[in-house]
Structure formats: C-alpha cells, structure tokens
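Below: sequence and its predicted model.
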Amino acid sequence: MDDSKVLCGRCRELLKSAERLRDDFDACYQYTWFRFSPFNPDYARWKKDVRDQLVRAFGANSARVLELDRCERVYAQSAPGTLFDRYLDSLKSAVSALEAVPASPRPAPAVPQSSDRVSFRVISRDLLVRASELREEGNFLSSAVMCGAVLENALRRLCESEGLSSQTESSDFPRLCEALLAKGALDREEHRQLMLKFSLKKLAEHCYSEKLNSDNVKEMIDWTGAFLDRRFH
C-alpha cells in the first residue's frame, strides 16, 4: 500500500482539481448535461481518480469506498450536484484520516512508559486542536473523523494497560469498548458516551454531512479532551 503521506498528497491534488470542476459547473450551469459524467470526460476521469485513491488508501471494501459507490448509484442521474459534494466530502475525510497516521509508527509497549504517556498526550492534544480548527472552518466531517481516531487510539492504549493486548490488533471501536467495560476499566456512562462518539465518527466516515453540526462535533471534541485528562493524567 502507498505511503499515507503520498496518498494524502494525491487526495489534496484531487481537491484542487475539484475547484476547477466547480468553476466549470458554475460557468456552464445552463448546460445541465455538463454535470453528468458520461457526457463530461474530465469529470468522469476525476471521479475515477478519487475512487482509485480511496481504494489504495483504505481498501475496496472499506466504508468510504462502499458509501461512495452507493452515492454514485443513488445520485448519478437524479442529483449530480449532490453527488459531486459527496465526492468532495469523501476526499476531505480521507485527507484528515491520512494526516492523522503517524509517519513512522512503532509498536507501543504492553504497559505504556511514563515518557510514552506524555508523548501520547501531547500528540493527542495536538490532533484535538487541529480537529477544533477544522470544526471552526466548518469542516465537520474531517473534524469528527480526526477526533474519533484519537479516541480509538486511546481505547487501544487502555486495553494494553489492562492486559487486553489481544483486543488491540483486530478489534474495532465497539469491541474495544465492550472489552474495557467487561474488564471494569470503563463505567456505564463512559461506555454510553463512547458509543455516541463512535456513531458520530461513523456518520463522518460515511459522509453524512447533514447529521453533523458545530454543536455536536464540539461536544465530541470537548468530551474526548476530558476523557484523555481523566485516563492519561
């Protein structure tokens, strides 16, 4: 698989290309066929490139690619403008997710050392600051994805600290929560809140932008910050 930095750069280039497509759409608004990719080779090529990059980054069966394929089926004929927006949202979400990937990840110890805890807290705080900036810019999808990535990483570290290392490799967010709850490392309210945050993360990954707003994303970021303070002080 390509390096995340390279993939992120390619996605950014496609976002720049999208600006030119948007200008073309606006300039040729009287020609409704212009927004239908079968009649617009440049647009068709751009959409294919977007999907190809998402497949390289996340896999052909990833939620992002499957959702993009669903949008293509639903909106291609009836709402081409909406379809274009969904492609843009998918790209922005992918950029945020790829930016959050460490350049050279190293395995964490079974029980994090004190210096490692400090590094984790600093990196997590920096990511939450960036998520807040994205929210303020109105980019709720990317903000929620980044915040969700911070939370998932925190849960994996908690599993390691609780001797649940086997859970960290293949388990998804809900299974991590269930394992920690069963171990007594989470209380019921924390578990409930984490599942709510997971639902926002999934909405963002599936590009349901109408379900996200400044208030619920801000609450997600604030709660995540408080959770990190409690668990990694």
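Everything's here; your move. Residues are numbered from 1 along each chain as shown.

how about the host helix or strand of Cys8: buried residues?
Per DSSP states H and E: Cys8 is located in helix 4-27. Neighbour-count burial for helix 4-27, counted by 16 or more other Cβ atoms under 10 Å, picks out 4, 7-8, 10-12, 14, 17-18, 21, 25. C-beta here means a position set from N, CA and C on the backbone, and glycine is covered the same way.

and of those residues, the nearest to Leu181?
For the buried residues of helix 4-27, the closest approach to Leu181 (Cβ to Cβ) belongs to Ser4, at 31.3 Å.

Do a quick rundown of the helices in the chain.
For the chain, the helices defined by DSSP state H occupy 4-27, 41-58, 63-75, 80-99, 114-136, 140-161, 167-170, 173-183, 188-205, 214-231.

May I see the ones you listed organised as JSON lines, with mean pLDDT added?
Listed next are those as JSON lines, based on pLDDT from 0 to 100:
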{"stretch": "helix 4-27", "mean pLDDT": "80"}
{"stretch": "helix 41-58", "mean pLDDT": "86"}
{"stretch": "helix 63-75", "mean pLDDT": "85"}
{"stretch": "helix 80-99", "mean pLDDT": "83"}
{"stretch": "helix 114-136", "mean pLDDT": "80"}
{"stretch": "helix 140-161", "mean pLDDT": "89"}
{"stretch": "helix 167-170", "mean pLDDT": "60"}
{"stretch": "helix 173-183", "mean pLDDT": "84"}
{"stretch": "helix 188-205", "mean pLDDT": "89"}
{"stretch": "helix 214-231", "mean pLDDT": "93"}
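
which one of those helices is the most hemmed in?
Among the helices of the chain, ranked by average contacts under mean count of other Cβ atoms under 10 Å, first place goes to helix 140-161 (a mean of 23).

can you give me how far that helix is from the chain middle?
Centroid separation between helix 140-161 and its chain, computed with Cα atoms, centre = their mean, to the nearest Å, is 10 Å.

CA atoms only: put that helix into CSV for me.
Extracted in CSV, the C-alpha atoms of helix 140-161 (Å, rounded to 0.1, in the frame of the first residue of the first chain):
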residue,chain,number,x,y,z
PHE,A,140,-17.3,18.9,10.4
LEU,A,141,-16.7,15.6,8.7
SER,A,142,-12.9,15.8,8.9
SER,A,143,-13.1,17.1,12.4
ALA,A,144,-15.2,14.2,13.7
VAL,A,145,-13.0,11.6,11.9
MET,A,146,-9.9,13.0,13.4
CYS,A,147,-11.4,13.2,16.9
GLY,A,148,-12.7,9.6,16.5
ALA,A,149,-9.2,8.4,15.6
VAL,A,150,-7.8,10.0,18.8
LEU,A,151,-10.5,8.2,20.8
GLU,A,152,-9.9,4.9,19.2
ASN,A,153,-6.1,5.1,19.8
ALA,A,154,-6.8,6.0,23.4
LEU,A,155,-9.0,2.9,23.8
ARG,A,156,-6.3,0.7,22.4
ARG,A,157,-3.8,2.0,24.9
LEU,A,158,-6.2,1.4,27.7
CYS,A,159,-6.6,-2.2,26.5
GLU,A,160,-2.9,-2.6,26.6
SER,A,161,-2.7,-1.2,30.1
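
Okay then, goodbye and thanks.
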